[in-house]
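In: sequence and predicted structure, then a few things I'm wondering about:
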Amino acid sequence: MGEHQGHSHGLGAVTATGKHRRRLLIVFLITISVVLIQVAGALLSGSLALLADAGHMLSDAAGVSIALFAAWIAARPATTRRTYGYQRAEVLAALANAVLLIVIAVVIFVEAVRRLGSEPDVDTGLMLPFAVVGGLANLISLLVLHAGRKESLNVRGAYLEVLGDLLGSAAVVVSAVVIMTTGYQQADTWASILIALMIAPRAWSLLREVIDVLLEATPQGVDVGMIRDHIVSVDGVSDAHDIHIWTITSGVPVFSAHVVVEEEHLTPDGLDTVLDRLTRCLSSHFDTEHCTFQLEPASHAVHEGQQHA
């Protein structure tokens, strides 16, 4: 007979994004302020590159606001209807952020290509200082987000967006200098295309990570075979199968497995001992508090194999 055992019941209320809400709020306030400044600068100078950079930063502000809202939603407690609570809201927010980035990249690219056939009149005297302000703001935001970029998909998404913004601002500065020194007005258009091309791969990278979470793929860097070997090496265990490792949201990995226990350990005390050993083994090789083991005799494993055949 199978016996369902588990340690570490329940999910923590604070997700990876939730831990960095203050950083995200600071970046949101910086970004939305610079968007307003750059839009004004683009309208006054006639620079498409500056407007593209402002559009990119607007997508960042929207993405960060979505992440903040998702972090608030994710902190709501689990219910009998939603046993994992609302923690997947963070992943859906990251998905919306990735899609938004792709849309912004396409719009900027199309407008820039359309503008290649014309001769824009850009006032670099206004364009340059606005671009410098944007670059400095992006650098500050990048430093604010740096600590949390490896813990949360949403923080990582915001970090990548700000990094792209910093490169975009650099492209705008370079194009302004080129126009000032050579008079080549199309440098502004080419800078816009460059910004669009920088946005696209970052959006795809974030989208791919989100899809992995939604498809419940094994987290990156986790070797299922190695973990199985460690489980089987536990005293009292003869085999392990139906091993599943997935992620609810950033920083919340989950593990489950069917573990075949040797006959001499199929007593209440023996099962408790095996379960304690398994939990210690897993915690030392895989960073999760949410693990479920189904302990079963060899006869039950054979029966399961017949059912799955």
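Out: Now that the structure is in, tell me what you want to look at.

In: in the stretch 201-309 of the chain, which spans are strands?
Out: Here the stretch 201-309 of the chain has its strands, by DSSP state E, counting those that start in this stretch, at 237-249, 252-261, 291-296.

In: Throw those strands into TSV and include mean neighbour count, thanks.
Out: Placement of C-beta: from N, CA and C, glycine included. TSV is the format used below for the strands of the stretch 201-309 of the chain (neighbours: other C-beta atoms under 10 Å):
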stretch	mean neighbour count
strand 237-249	18
strand 252-261	20
strand 291-296	21
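
In: okay if I get the ones you listed as JSON lines plus distance to residue 179 and mean pLDDT?
Out: Shown next, in JSON lines, are the strands of the stretch 201-309 of the chain (distance: least, C-beta to C-beta, whole Å; pLDDT from 0 to 100):
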{"stretch": "strand 237-249", "distance to residue 179": "45", "mean pLDDT": "86"}
{"stretch": "strand 252-261", "distance to residue 179": "49", "mean pLDDT": "87"}
{"stretch": "strand 291-296", "distance to residue 179": "60", "mean pLDDT": "86"}
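
In: residue 138 - how many residues pack around it?
Out: Applying other C-beta atoms under 10 Å, we find 28 residues neighbouring residue 138.

In: what's near enough to touch it?
Out: Taking C-beta atoms under 8 Å, 6 or more residues apart in numbering as the contact definition, residue 138 lies against 34, 57, 162-163, 165-166, 169.

In: nearest spatial neighbour of residue 112, skipping sequence neighbours?
Out: residue 192 (3.9 Å; C-beta to C-beta, 6 or more residues apart in numbering).

In: sorry, back to before: among the contacts of residue 138, which are in helices?
Out: Of the contacts of residue 138, the ones assigned to helices by DSSP state H are 34, 57, 162-163, 165-166, 169.

In: farthest-separated two in the residues you listed?
Out: Across those, the longest distance by C-beta to C-beta is 14.9 Å; it joins 34 and 163.

In: neighbour count for the two, which is higher?
Out: The residue with more neighbours, out of residue 34 and residue 163, is residue 34; 28 against 18, by other C-beta under 10 Å.

In: give me every residue that touches that one.
Out: 54, 57, 133-134, 137-138.

In: between these, which has the most around it?
Out: residue 57 (31 neighbours).

In: that one and residue 117, how far apart?
Out: 27 Å (C-beta to C-beta, to the nearest Å).

In: show me where the stretch 51-200 of the chain has helices.
Out: 89-115, 124-145, 153-182, 187-214 (DSSP state H, counting those that start in this stretch).

In: got these as a markdown table, with mean pLDDT and distance to residue 78 columns?
Out: Compiled in a markdown table, the helices of the stretch 51-200 of the chain are given as follows (pLDDT from 0 to 100; distance: least, C-beta to C-beta, whole Å):
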| stretch | mean pLDDT | distance to residue 78 |
| --- | --- | --- |
| helix 89-115 | 81 | 13 |
| helix 124-145 | 85 | 29 |
| helix 153-182 | 80 | 20 |
| helix 187-214 | 83 | 18 |
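
In: point out the most buried one among these.
Out: Mean neighbour count, computed with mean count of other C-beta atoms under 10 Å, is highest for helix 153-182 among the helices of the stretch 51-200 of the chain, reaching a mean of 23.

In: tell me what that one is packed against?
Out: helix 16-19, helix 21-45, helix 48-74, helix 89-115, helix 124-145, helix 187-214 (3 or more C-beta pairs under 8 Å, 6 or more residues apart in numbering; DSSP states H and E).

In: need the ones you listed in TSV with distance to residue 178, can you?
Out: What follows is those, written out as TSV (distance: least, C-beta to C-beta, whole Å):
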stretch	distance to residue 178
helix 16-19	40
helix 21-45	15
helix 48-74	11
helix 89-115	16
helix 124-145	9
helix 187-214	4
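
In: these: which one's closest to residue 279?
Out: Closest among the helices and strands packed on helix 153-182, using C-beta to C-beta: helix 16-19, at 22.6 Å.

In: so residue 168 touches residue 51, yeah?
Out: No - judged on C-beta atoms under 8 Å, residue 168 makes no contact with residue 51 at a distance of 11.3 Å.
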